[in-house]
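Chemist: need a structure here:
(one chain, ligands or ions: 2)
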Amino acid sequence: MNKKMLKAALAGLMLSVSSIASAGLIYSSSQIGSDFRDISGSGTQFSLSDDALTGDIAFGFNFNFYDIVHDSARISSNGFIDFGPDYDEGCCTGGTIAPTGPNGIFAGLWEDLDSNNDTTGNMFYQTIGSAGSREFIVGFYDIAHYPTGNLVNFEMIIHEGSNNLEIQFGSLANEDVHTIGIENYDGTSGEQFYRGTNISQFSNTGVLFQATVPEPSTLAIFALGVMGLASRRFKKQ
Ligand SMILES: [Ca+2]
Ligand SMILES: [Ca+2]
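Modeler: Residues are numbered from 1 along each chain as shown. Ligands and ions are numbered 1, 2, ... in the order given. Model (predicted):
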């Protein structure tokens with residue numbers, strides 16, 4: 001094999017390995033300890049009518065969610081961040097991972113919330129941290145359920161770099177069915193941490209959705225081996 005052919009073969013192998021290695025982010029969820037950020041004194045306050053979405057809100061960094069990079073998203077008054085493309089405000093009770101209803105969402109506490117049904121509650125967003133490991137935080141503080149007015153406190157946090165998603169819960173009052181999880185853009189897969197009525201059990205805890213790149217397949221490992229052999233031969237010439 002001459003040098004030109006070897007170079008072309010190596011380039012081809014590298015392409016195939018990188019396409020296998022970037023086959024798609026996978027997510028796992030786990031309960032973590034309390035690390036409530038509380039941006040109520042520093043963040044940008046926003047308000048929404050019942051069952052409504054904000055416009056696009058910029059993170060200030062790029063965030064990979066199910067293999068599409070976003071620099072902004074919308075926030076639903078019903079307790080989730082919406083990455084689109086359908087943009088559904090998710091009225092009303094927290095649903096299952098399914099093609100119906102909102103897709104492409106990060107549900108911190110999806111239920112029929114209504115910030116107009118409380119007297120003291122407010123919603124905020126803020127980006128904090130240093131370039132490379134910034135956090136975009138959305139805080140729901142003392143926001144009421146519809147119709148009872150039972151209050152919830154929680155934060156949805158997306159992480160630059162790791163592309164992890166995190167939820168921090170303050171005090172939570174039970175109500176109807178809540179969904180805590182993430183869902184892809186067509187509702188065909190997701191990672192549901194919890195769906196049910198007993199959310200008070202999560203008061204003052206957190207949830208982490210860890211994004212990982214799948215292990216290279218056997219084919220990729222084989223290709224890497226061939227590349228190693230080829231490059232050793234190439235150096236000898
Ligand atoms: Ca859905
Ligand atoms: Ca609502």
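Chemist: distance of the residue nearest to residue 159 when sequence neighbours are not counted from ligand 2?
Modeler: Spatially, and ignoring its direct neighbours in sequence, residue 159 is nearest to residue 135 (5.8 Å; CB to CB, 6 or more residues apart in numbering). Placement of C-beta: from N, CA and C, glycine included. Using CB to the ion, to the nearest Å, residue 135 is found at 26 Å from ligand 2.
Chemist: May I have the residues that are in contact with residue 135?
Modeler: Contact analysis of residue 135 by CB atoms under 8 Å, 6 or more residues apart in numbering lists 37, 127-129, 157-160.
Chemist: ditto for residue 34
Modeler: Residue 34 makes contact with 168-169, 204-206, according to CB under 8 Å, 6+ apart.
Chemist: Out of those, name the ones that lie in strands.
Modeler: 168-169, 206 (DSSP state E).
Chemist: so can I have CSV of those residues showing pLDDT, distance to residue 111 and neighbour count?
Modeler: Listed next are the ones in strands among the contacts of residue 34 as CSV, based on pLDDT from 0 to 100; distance: CB to CB, whole Å; neighbours: other CB atoms under 10 Å:
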residue, pLDDT, distance to residue 111, neighbour count
168, 99, 17, 23
169, 98, 13, 23
206, 98, 18, 19
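Chemist: near ligand 1, which residues of this protein?
Modeler: With the criterion set to CB under 5 Å from the ion, the chain comes near ligand 1 through 98, 101, 103, 187.
Chemist: What subset of the residues you listed is buried?
Modeler: Buried members of the residues of the chain next to ligand 1, scored by 16 or more other CB atoms under 10 Å, are 101, 103, 187.
Chemist: pLDDT-wise, what's the bottom of the residues you listed?
Modeler: Lowest pLDDT of these: residue 101, 92.
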